[in-house]
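[1] sequence first, predicted model second:
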Amino acid sequence: MPRPNLATQMTARILDYIRANDLQAEQHLPSQTLADALRVSRAPINTALQILEDMKIVRSEPNRGFFLVKSAAELPDLPDAEEAEPEREDEWYFAIAEDRLAGKLPDKVSENELMRRYGLSRTRLLKILTKIADEGWIERLPGNGWAFGPLLTSRESYQQGYQLRVALEPQALLLSSFEIDRAAFAAAREQQQWLLDGGYKRASRSEIFAANAEFHEMLVGCAHNPFFLDAVKRVNRLRRLVEYRITVDRSRLPIQCREHINILTLLEKGLRQEASDFLRIHIEGAGLIKVPKV
């Protein structure tokens, strides 16, 4: 089955085709005809037609295919059709995250199963799954299935992730190849100050996690050792969902931001050993707070 973004593109192109040909309600929409006209295979066309059926623009009949419900003049613009309840997308996103973390979702799921479970149209589900895929904890399978990637879900595995970070991140600051990226430091300081000034109250859980992960990855990236950076990125990817759950309690975030800013200051003053020691304490402290809650 095609990638979600391709299906979305085909949905828009089919609507354009209907308008361009001034097709009327009840007209047949053979998938092969559409595939030939749009110069793609039938697979993305069939997916797009299913999306249009969810949008009540076409209907399907067994052994006959798809038929227009609305004429060309009655068609909505695709962006307008997708604007309904945008604020609820985060709710559905975190519902999937919580269910996966709680073991309520199997390693492999189909789109139809997820649509039924969460009451979502295919259009909105694909948008959410695309976001999850971009974050690296689900991937598309052949057919209409999706496979969740590995995660740190047990107390032991989460603690092991912190042990790796304690071993790697402070050491990265002491490597001879370490060099401050002035632009990256300035951007990180600005972001952490924004969070400290109240942004932590307004930012979503995913935004808070991203700000934290990107800060630590930026520091390790300054060491110019790809093996260090790859290891830290992998741990961050695996701990994402647990962090989402923890971030419901935001009372500790101002302290975290102040500590991040202090690490930047120490490094800018050339105090790498002090920064390394402080970073170790910072990570160990976060682990003590978070791990017992998993």
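    Good, I have the coordinates. Numbers count the residues shown, from 1 in each chain.
[2] hang on, Leu125 packs against Asn112?
    No. Applying C-beta atoms under 8 Å as the test, Leu125 and Asn112 come out as separate, 9.6 Å apart. Placement of C-beta: from N, CA and C, glycine included.
[3] between these two, which has more neighbouring residues?
    Leu125 (23 against 13; other C-beta atoms under 10 Å).
[4] give the contact list for that one.
    For Leu125, the contact set (C-beta atoms under 8 Å, 6 or more residues apart in numbering) comprises 111, 114-115, 118.
[5] before we move on, what about Ala183?
    So Ala183 contacts nothing (C-beta under 8 Å, 6+ apart).
[6] strands along the protein, start to end?
    For the chain, the strands defined by DSSP state E occupy 28-29, 58-61, 65-68, 108-110, 138-140, 145-148.
[7] low-confidence stretches in the stretch 151-294 of the chain?
    Applying pLDDT under 70 to the stretch 151-294 of the chain flags the ranges 152-155, 245-249, 290-294.
[8] try it again with 50
    Applying pLDDT under 50 to the stretch 151-294 of the chain flags residues 292-294.
[9] helices of that one, start to end?
    Taking DSSP state H, counting those that start in this stretch to define them, one finds helices in the stretch 151-294 of the chain at 155-172, 182-194, 200-202, 205-221, 226-246, 253-268, 272-290.
[10] nearest to Ala97, out of the ones you listed?
    helix 226-246 (5.1 Å; C-beta to C-beta).
[11] what's that closest one in contact with?
    94, 97-98, 100-101, 135-137, 149-153, 158, 161, 164-165, 168-169, 171-172, 175, 205-206, 209, 212-213, 216-217, 220-221, 223, 290, 293-294.
[12] the strands of the chain: which one's closest to Thr265?
    When those are compared by C-beta to C-beta, strand 138-140 sits nearest Thr265, at 38.4 Å.
[13] residues contacting the closest residue to Tyr93 other than its chain neighbours?
    Nearest residue to Tyr93 in three dimensions, chain neighbours excluded: Ile128, at 5.3 Å (C-beta to C-beta, 6 or more residues apart in numbering). By C-beta under 8 Å, 6+ apart, the residues touching Ile128 are 89, 92-93, 96, 120.
[14] and the gap between Ile128 and Ala43?
    Ile128 sits 21 Å away from Ala43, going by C-beta to C-beta, to the nearest Å.
[15] near Phe227, how many other residues are there?
    9.
[16] go on, Lys108?
    For Lys108, the neighbour count with other C-beta under 10 Å is 11.
[17] tell me which residues of stretch 105-122 come out buried.
    105, 109, 111, 114-115, 118, 120-122 (16 or more other C-beta atoms under 10 Å).
[18] who touches that stretch?
    47, 50-51, 54-55, 92, 95-96, 99, 125-126, 128-129, 141, 143-148.
[19] may I see the PyMOL selection of the buried members of those residues?
    Selecting the buried subset of these in PyMOL, with 16+ other C-beta under 10 Å as the burial test, is done by:
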select buried, resi 47+50+51+54+55+92+96+125+126+128+129+146+148
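[20] now, the contacts of stretch 105-122 that are in helices?
    Of the contacts of stretch 105-122, the ones assigned to helices by DSSP state H are 47, 50-51, 54, 92, 95-96, 99, 125-126, 128-129.
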